[in-house]
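1. For reference, the sequence and a predicted model appear below.
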Amino acid sequence: VGIMAEGNQKLAPTTLVVFGISGDLSRRYLLPALAAICRSSDIGANLEIWGLSRRSLEPGDVLNDTTRGLTDNFRVLQIDYDSAAAYQQLKDELEKSPAQQTIFYFAVPPAAVLPIIEKLGSAGLNDSTYRLLLEKPFGQNYDSAKRLIDQTKRYFKDEQIYRIDHYLAKEMAQNIAVFLGSNAIFRGVWSNKFIERIKIEVSESIGVEGRGGFYEQTGALRDIVQSHLLQLTALILMKPCPDVFDFSQVQIRRLAALKQLSLMASQSTIRGQYDGYKDEVDNPESTTETFVALSVTSSDPDWQGVPIRLVTGKRLDKKLTEIRVHFKKSQATQANILKLRIQPQEGIELELWVKKPGYDQDLQKLSLEFSYQQHFGDLPDAYEQVIVDAIRGRSNLFASDEEVLASWQVLQSVLDGFIKGKPELKAYPPGSSAEELAPRV
Ligand code: BG6
């Protein structure tokens, strides 16, 4: 069966089956992204969305003002997730539909994912016309991720599994490999010979936003470092592809970069929790971290000795995702900083030194800046890209099983430490800055 249309060709008729249609994830991310995709492209003409819920719901109970445009493509089905018979019924329904491919999207709590996958597999809903679109967390640590991967593989091949890391789909993140690979001035200096250190920050001003139950099980290390921060690190360190637009190579190169990473124990790991978090999650004993800073380093001869500081936290002073590459200073030259701003105000900034005009001989630091928005206007949301790529069968912006395992491996010793209460959990006032909480080491 020809199940996918490549590139920008017309799509094969597709059914997107959403487990957990009334949940937070569907409402906040998936449905708005689907509505935007259907508004701005002709994908909707060949797309049906089936929202599954334990409860008996009408489309009007799920759609709101932003997502009402989906009504023509949308139906809601009630299902008992635990009943094998329900999956047979789902299969009968899917076989009646004209769709040539089906994508199962999981907007359910992490513990509910595997039992559903097993039931899909047992019902025969796993041949090559079916795909899984999975949200993180992919396990809680290396061992549980391995179990999840192995058990999923009993029914689905890795090429049928799309693990979302929506940071990989952010426009500036996609641009990293292209920018570094296409520009001679950076390609030549992209190593420990010229680079002193790298800092990658994911600051958020929001807190846990009603996701307390999920966050209590997760924490910042699993939520952001294991996935988004390590993937951004891999994009920065990976070897450039001979053809920057040959994205088929990207996943393999990211994996190679991840496998060479390890924790840099000589630089401090910082663990924090914002004041008020315990009340928000209604757990006075909570030791879940909402802030983490730690350093990793690579064994790649091109990168040995370069500390990569990863910093993330919630309820900080601002929303900012930025990669800062600090170039070495020499006897004759000053240090330069290249900033790749992933969000907001996506762009690239290079700090340069110039002669300050005047009679004196002074240097001044100025920036060369490029803003995505100024040049290209508003950018599509990463979630839209993720869904379109899953429908089109393009997997390079998703995390492979091996990437997931490699990133858990990097963090295992930190996870073990956190479980033992090390390092000490520091309370911080909401509105603190990442620099205050994790000053330069
Ligand atoms: C998700 C995390 O992966 O990313 C959330 O689970 C976090 O805790 C979110 O808020 C941040 O995404 P973005 O795109 O708003 O930076």
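-> Yep, that arrived.

2. okay, which residue is most central for the chain?
-> Asp165 (2.8 Å; CA atoms, centre = their mean).

3. and the gap between it and the ligand?
-> Using CB to the nearest ligand atom, to the nearest Å, Asp165 is found at 8 Å from the ligand. No exception for glycine: its C-beta is placed from N, CA and C like everyone else's.

4. tell me the secondary structure for whichever residue of the stretch 151-300 of the chain sits closest to the ligand?
-> Residue nearest to the ligand within the stretch 151-300 of the chain (CB to the nearest ligand atom): Asp223, separated by 4.7 Å. Put simply, Asp223 is helix when judged by DSSP: H, G, I helix; E, B strand; the rest coil.

5. Which pLDDT value does the model give it?
-> pLDDT, Asp223: 96.

6. Please see if the host helix or strand of Ser295 touches the ligand.
-> Assigned by DSSP states H and E, Ser295 belongs to strand 291-298. No: in terms of CB under 6 Å from any ligand atom, no part of strand 291-298 sits within range of the ligand; the closest distance is 12.6 Å.

7. partner strands of that strand, parallel or antiparallel?
-> Paired with strand 291-298 in the same sheet, following DSSP bridges, are strand 261-263 (antiparallel), strand 270-274 (antiparallel), strand 308-313 (antiparallel).

8. can you list contacts of the last one?
-> Defining contact as CB atoms under 8 Å, 6 or more residues apart in numbering, one finds that strand 308-313 is touched by 197-204, 220, 224-225, 228-230, 233, 236-237, 261, 264, 267, 272, 274, 290-298, 428, 432, 434, 437-438, 441.

9. if we go to 6 Å?
-> The contact list for strand 308-313 (CB atoms under 6 Å, 6 or more residues apart in numbering) reads 198-202, 220, 224-225, 229, 233, 291-296, 434, 438.

10. does any part of it sit near the ligand?
-> No: shown here: strand 308-313 not in contact with the ligand (CB under 6 Å from any ligand atom), separated by at least 9.3 Å.

11. tell me the mean pLDDT over that strand?
-> Mean pLDDT, strand 308-313: 98.

12. And the next helix or strand past it?
-> Downstream of strand 308-313, the next assigned helix or strand under DSSP H and E is strand 320-327.

13. Please state the backbone phi and psi of the residue lying farthest from the centre of the chain?
-> Within the chain, the residue lying farthest from the chain centre (CA atoms, centre = their mean) is Tyr359, at 50.9 Å. Main-chain torsions, Tyr359, degrees, to the nearest 10: phi -80, psi -20.

14. Give the full set of residues in contact with it.
-> Contacts of Tyr359 (CB under 6 Å, 6+ apart): none.

15. and the gap between it and the ligand?
-> 48 Å.

16. sorry, back to before: the residue of the stretch 151-300 of the chain closest to the ligand and Val325, how far apart?
-> Remark: distance between Asp223 and Val325 (CB to CB, to the nearest Å) = 25 Å.

17. cool, Glu58 as well?
-> Look at Glu58 and Val325: by CB to CB, they are 52 Å apart.

18. Those two: who's more crowded?
-> Remark: of Glu58 and Val325, Val325 carries more neighbours, 24 against 9, as counted by other CB atoms under 10 Å.

19. and the more buried one, what is it in contact with?
-> Val325 neighbours (CB under 6 Å, 6+ apart): Ile195, Ile198, Leu338.

20. Bridged to the last one, which residues?
-> Translated: Leu338. Under the criterion used (DSSP bridges), Leu338 bridges to Val325, Leu350.

21. If anything else comes up later, I'll come back, but that's it for now.
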